[in-house]
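> Just to be clear, the model below is a prediction. Sequence and coordinates:
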Amino acid sequence: MPYRLLVVDDEPDIVRILVTLARERGYDAAGAMELDEVLRHVRASPPDVVLLDLNMPIVDGRALLARITEMHDSPAVIIMSGWVDELTYEVCRRYGAADVVTKPLQIDDLFRRVDAAARVVTSR
């Protein structure tokens, strides 16, 4: 059974590219750009991993991170951000992020991290 991945970003091209790359790697992948869409995906077909852009104009990534990680059997959340400092790492860890990656993304490294997070979630 393939790992389920949800990509959340405010840039449609990033969502499209990451979903395509994930599917090529055998993931059951979907994308979302708005809060309602994200929550619908998480409730209807809970992903193993959520790739979440931290800084989006429509959705507060930190608040969304907190909502996702509070859910029963929550997925692993990997934060994506164009800039990351120690405070960002601390906030992400405090709210339950499994990992933090910086943009521009290094695709092979990103999917190694996604694989590792998915293995942890599915072994619970």
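On my side now, so go ahead. Everything quoted here is computed from the prediction, not taken from an experiment.

> what stretches of this structure score poorly on pLDDT?
Applying pLDDT under 70 to the chain flags the ranges 72.

> name the helices or strands packed onto the longest helix seen in it?
In the chain, assigned by DSSP state H, the helix with the most residues is helix 107-122. Packing contacts for helix 107-122, counted by 3 or more CB pairs under 8 Å, 6 or more residues apart in numbering; DSSP states H and E, involve helix 12-24, strand 49-53, strand 76-81, strand 99-102. In this view, the C-beta of every residue, glycine as well, is placed from N, C-alpha and C.

> which of those is buried the deepest?
strand 49-53 (a mean of 27; mean count of other CB atoms under 10 Å).

> List the buried residues in the next helix or strand after that one.
As assigned by DSSP states H and E, the chain's next helix or strand after strand 49-53 is helix 61-70. For helix 61-70, burial by neighbour count (16 or more other CB atoms under 10 Å) applies to 61-62, 64-65, 67-69.

> what residues are up against the spatially most central residue of the chain?
The centre of the chain sits closest to residue 51, judged by CA atoms, centre = their mean, with a distance of 1.6 Å. By CB atoms under 8 Å, 6 or more residues apart in numbering, the contact list for residue 51 reads 5-9, 18, 78, 80, 110, 114.

> Right, I'll call it a day here.
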